[in-house]
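[1] with the sequence up front, the predicted model follows.
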Amino acid sequence: MSVVERIKDQIENNQVVLYMKGSPDFPQCGFSGKTVQILEACQAKYTYVNILEDPELREALKEYSNWPTYPQLYIGGELVGGCDIVTDLYQKGELVKMLTAVDAVVE
């Protein structure tokens, strides 16, 4: 499976995917940490991928998404964006609606 096929598989088979530096328990950058905090505040069910463990995926995802930075959040197969966009959506109450629409909120 090519790296692009792996990315597509991850995005298609998980309602919410966070590509981040580190893990939710041990984020390796402040932006990844803040995005995790927001997802936790929304009680989101999500999968994460530590891009630091897979340099090939890290580079390929930038091309795939046409988004140069991390973290990258995908909901329902669509790129939402990075920390700033996720923060803005959360503050407006939109992020919970997006997560609820794909049944990714813990009841």
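    Thanks, I have it. Quick caveat: nothing in here was measured; it's all calculated off a predicted structure. Residues are numbered from 1 along each chain as shown.
[2] what does the pLDDT read for the residue lying closest to residue 52 once chain neighbours are set aside?
    Leaving aside its sequence neighbours, residue 52 sits nearest to residue 21 (CB to CB, 6 or more residues apart in numbering; 5.5 Å). The way it works is simple: take the backbone N, C-alpha and C, and place the C-beta from them, glycine included. Residue 21 carries a pLDDT value of 97.
[3] what about residue 21, how many neighbours?
    The number of residues packed near residue 21 is 18, by other CB atoms under 10 Å.
[4] for residue 11, see how far away it is.
    As judged by CB to CB, to the nearest Å, residue 21 and residue 11 stand 18 Å apart.
[5] now do residue 69
    Distance from residue 69 to residue 11, by CB to CB: 18 Å.
[6] these two: which is more packed in?
    Higher neighbour count among residue 69 and residue 11: residue 11, with 23 against 13, using other CB under 10 Å.
[7] quick check, pLDDT for that one.
    Residue 11 is assigned a predicted lDDT (pLDDT) of 97.
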